[in-house]
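A.B. asks: Here's a sequence, model it:
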Amino acid sequence: MATHAPINIFIFSVILFFHHSTTVISAATTTTSPHTFVLPVVKDIVKVQYYTSFLVGTPPVRVYTVLDLGNKYSWIACDIYGYNVSSTFHPILCGTPKCSAYGENGCVGCIMPVVKPSCTKNTCGAYAYTPWGDIVYSGGQIEDTISLYSRTPSTPFSKTSLRNFPFTCADSGPLKGLSQHTKGVLTLARNRVALHSQIASAFKVPHKFALCFPSSSSASHGAMYFGGGPYYLPPSRIDLTKYLVTTPLIINPNSTAPVYSEGERSIEYFVKVRSIKVDGIPVTFKPSLLSFDKDGKGGTKLSTLTSYTTLHSEIYKALVGVFFSRAEAMKITRVASVAPFGACFSSKSISYNAKTGAGVPIIDLVMVNKSPVLHGKNARWRIYGANSMVKVSPEVSCLGFVNGGSNVRTAIVIGGQQMEDNLIEFNLASSQLGFTSSLLHFGTSCSQFRGL
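C.D. replies: Got it, this is the predicted structure:
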């Protein structure tokens with residue numbers, strides 16, 4: 001087994017569950033009508049992370065978990081949440097077909113006499129980790145019932161139970177770096193244990209999910225959808241599916257996880273960026289950075305645990321250079337940088353627009369695919385000021401992109417700030433990524449989600 005860095009292994013277990021306790025339908029009682037499943041999404045403005053809540057187990061316990069597009073497993077700090085007894089919990093035993101399908105990482109056990117979610121015997125191994133920790137915790141995979149919401153095209157949202165959702169229990173160790181409002185991680189990675197895979201399998205809905213992250217932590221929240229649209233956000237009555245620009249999801253043949261086996265491919269979401277433009281002006285850098293090398297370095301991925309889009313130093317410097325030039329032409333005043341940002345401006349010199357946010361140069365990530373939505377032009381993720389700028393003080397606004405250095409594993413990591421108020425659909429069945437760019441341009445936002 002190969003690792004990116006020296007890792008200490010500790011024994012742990014983890015569990016995940018969803019928001020509410022009353023159940024209306026379950027995988028065993030699905031009708032022939034298609035369903036869309038939903039969970040709320042809240043922003044932690046301090047950490048710039050996005051989390052959800054749900055109920056798990058019987059009796060139900062509410063948990064809060066950060067969303068992660070790249071974690072191998074879902075996990076929670078079970079004992080901290082008081083998730084110690086559940087009549088619907090059971091371990092995934094070593095040597096079983098399900099253990100093999102979910103990723104067998106050894107066989108773990110517990111010497112305590114009482115079996116509980118965080119203490120099982122002869123159990124299929126799993127890991128709990130975050131990008132900020134220097135330790136990976138090992139524990140047993142378990143299953144239990146979680147709750148979420150569902151709807152049909154003709155009915156409002158109602159509470160729904162999903163049985164046998166897999167996760168693991170951890171102690172407080174891997175919580176380092178996570179939002180203080182959470183005690184775990186919900187994985188949305190490209191694997192069988194991810195929530196979208198479990199919903200698609202249990203309810204026989206299309207294998208796709210969509211994220212709509214809010215840009216504030218007010219009483220309003222965003223949402224994540226499972227099973228496909230339609231997607232409506234007030235005041236618009238138009239299904240936002242029609243505005244999705246699509247580009248292929250590609251596979252990095254090399255794992256990007258902290259612990260992996262030789263030959264294992266990445267479970268994160270990569271896309272092919274062809275070029276970057278600022279107000280239509282090409283940003284010049286080595287094109288090879290946008291492709292994988294023999295070790296899987298380079299390319300572009302999406303990361304919900306990366307707060308701000310992070311670039312290889314060569315790309316970052318080139319982007320900032322063009323951005324500065326265009327900002328100067330717009331009479332936007334440059335000021336001293338504020339970490340972690342390297343390009344900052346006087347807020348007083350920036351105009352503001354309800355549909356685009358800060359009036360600054362527009363950044364385009366040009367991708368593979370001709371888009372009917374863009375009248376046959378190349379697919380592009382357009383980043384207006386609402387997503388490109390971060391107000392660090394009343395007087396200063398900074399370009400919300402970060403210099404990752406020259407030794408980064410991925411050349412472009414699209415972060416949470418740039419995903420906010422965008423509808424982003426991951427279609428696992430067709431291996432396509434769909435995105436709207438800023439919903440503000442359509443007179444709505446992710447915070448307009450209603451129905452729960």
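
A.B. asks: ok, residue 259 - how many residues close by?
C.D. replies: Look at residue 259: counted by other Cβ atoms under 10 Å, it has 18 neighbours. C-betas here are computed from N, CA, C, even on glycine.

A.B. asks: Quick check: beta-bridge partners of it?
C.D. replies: Beta-bridge pairing for residue 259 (DSSP bridges): residue 3.

A.B. asks: That one against residue 136, yeah?
C.D. replies: Yes. Counting by Cβ atoms under 8 Å, residue 259 does reach residue 136; the two are 5.5 Å apart.

A.B. asks: remind me, longest strand of this structure?
C.D. replies: strand 135-151 (DSSP state E).

A.B. asks: distance between the helix or strand just after that strand and the chain's centre?
C.D. replies: Per DSSP states H and E, strand 135-151 leads on to strand 158-169 as the next helix or strand towards the C-terminus. When distances are taken as Cα atoms, centre = their mean, to the nearest Å, strand 158-169 is centred 19 Å away from the chain's centroid.

A.B. asks: For strand 158-169, enumerate the helices and strands it packs against.
C.D. replies: Secondary-structure packing of strand 158-169 (3 or more Cβ pairs under 8 Å, 6 or more residues apart in numbering; DSSP states H and E): strand 8-13, strand 75-76, strand 123-128, strand 135-151, helix 195-203.

A.B. asks: which element follows the first one toward the C-terminus?
C.D. replies: Scanning forward in sequence from strand 8-13, with DSSP H and E defining helices and strands, the next element found is strand 36-44.

A.B. asks: in its sheet, what does that following strand sit against?
C.D. replies: In its sheet, and by DSSP bridges, strand 36-44 pairs with strand 49-56 (antiparallel), strand 135-151 (antiparallel), strand 222-226 (antiparallel).

A.B. asks: That one vs helix 195-203, what angle?
C.D. replies: Orientation check (axes from the mean of the first three to the mean of the last three Cα atoms, to 10 degrees): strand 36-44 against helix 195-203 gives 160 degrees.

A.B. asks: What mean pLDDT does strand 36-44 get?
C.D. replies: Averaged over strand 36-44, pLDDT sits at 95.

A.B. asks: any low-confidence regions in the stretch 201-350 of the chain?
C.D. replies: Across the stretch 201-350 of the chain, the ranges flagged by pLDDT under 70 are 218-219.

A.B. asks: Strands of that one, start to end?
C.D. replies: Taking DSSP state E, counting those that start in this stretch as the test, the strands found in the stretch 201-350 of the chain are 208-212, 222-226, 245-250, 259-260, 269-271, 273-278, 281-282, 300-302, 309-311, 334-335, 344-346.

A.B. asks: The ones you listed: which one's closest to residue 372?
C.D. replies: When those are compared by Cβ to Cβ, strand 245-250 sits nearest residue 372, at 8.9 Å.

A.B. asks: quick one, the longest strand of the chain and strand 158-169 angle?
C.D. replies: Going by the same axes, to 10 degrees, strand 135-151 makes 170 degrees with strand 158-169.

A.B. asks: gap between strand 135-151 and the chain center?
C.D. replies: Strand 135-151 has its C-alpha centroid displaced from the chain centroid by 16 Å (Cα atoms, centre = their mean).

A.B. asks: neighbours of residue 202, just the number please.
C.D. replies: Neighbours of residue 202 using other Cβ under 10 Å come to 18.

A.B. asks: Can you give me the distance of the nearest residue to residue 78 once chain neighbours are set aside to residue 76?
C.D. replies: Nearest residue to residue 78 in three dimensions, chain neighbours excluded: residue 169, at 3.7 Å (Cβ to Cβ, 6 or more residues apart in numbering). Computed as Cβ to Cβ, to the nearest Å, the residue 169 to residue 76 distance reads 7 Å.

A.B. asks: returning to that earlier point: nearest to residue 411 among the helices and strands packed on strand 158-169 would be which one?
C.D. replies: Going by Cβ to Cβ, the one of the helices and strands packed on strand 158-169 nearest residue 411 is strand 135-151, 25.2 Å.

A.B. asks: what is the orientation angle of that closest one with strand 123-128?
C.D. replies: Taking the same axes, to 10 degrees, one finds strand 135-151 and strand 123-128 inclined to each other by 90 degrees.

A.B. asks: Give me the mean pLDDT for strand 135-151.
C.D. replies: The pLDDT scores in strand 135-151 average 91.

A.B. asks: got it, and stretch 66-79?
C.D. replies: The average pLDDT for stretch 66-79 rounds to 95.

A.B. asks: Quick one: end-to-end distance for it.
C.D. replies: Length of stretch 66-79, first residue to last, Cα to Cα, to the nearest Å: 18 Å.

A.B. asks: any idea how far the residue nearest to residue 77 when sequence neighbours are not counted lies from residue 92?
C.D. replies: Leaving out its chain neighbours, the residue that sits closest to residue 77 by Cβ to Cβ, 6+ apart is residue 183, at 4.2 Å. Between residue 183 and residue 92 the distance is 22 Å, computed by Cβ to Cβ.

A.B. asks: How many residues are close by residue 345?
C.D. replies: Neighbour count for residue 345, taken as other Cβ under 10 Å: 23.

A.B. asks: quick one: low-confidence parts of the stretch 351-452 of the chain?
C.D. replies: Those would be 451-452, if you go by pLDDT under 70 across the stretch 351-452 of the chain.

A.B. asks: mind listing what's buried in stretch 362-373?
C.D. replies: Within stretch 362-373, the residues scored as buried using 16 or more other Cβ atoms under 10 Å are 362-367, 369, 371.

A.B. asks: Determine which two of these are furthest apart.
C.D. replies: 362 and 369 (19.9 Å).

A.B. asks: CA atoms only for the longest helix along the chain - export them in CSV, please.
C.D. replies: Counting by DSSP state H, the longest helix found in the chain is helix 313-329. Provided in CSV are the C-alpha atoms of helix 313-329 (Å, rounded to 0.1, in the frame of the first residue of the first chain):
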residue,chain,number,x,y,z
SER,A,313,2.2,28.9,-9.4
GLU,A,314,2.8,29.3,-13.1
ILE,A,315,-0.9,29.5,-13.8
TYR,A,316,-1.6,31.7,-10.9
LYS,A,317,1.1,34.3,-11.8
ALA,A,318,-0.1,34.4,-15.4
LEU,A,319,-3.7,34.8,-14.3
VAL,A,320,-3.0,37.6,-11.8
GLY,A,321,-0.9,39.4,-14.4
VAL,A,322,-3.7,39.6,-16.9
PHE,A,323,-6.3,40.4,-14.2
PHE,A,324,-4.1,43.3,-12.9
SER,A,325,-3.9,44.7,-16.4
ARG,A,326,-7.6,44.5,-17.0
ALA,A,327,-8.4,45.9,-13.6
GLU,A,328,-6.1,48.9,-14.2
ALA,A,329,-7.9,49.6,-17.4
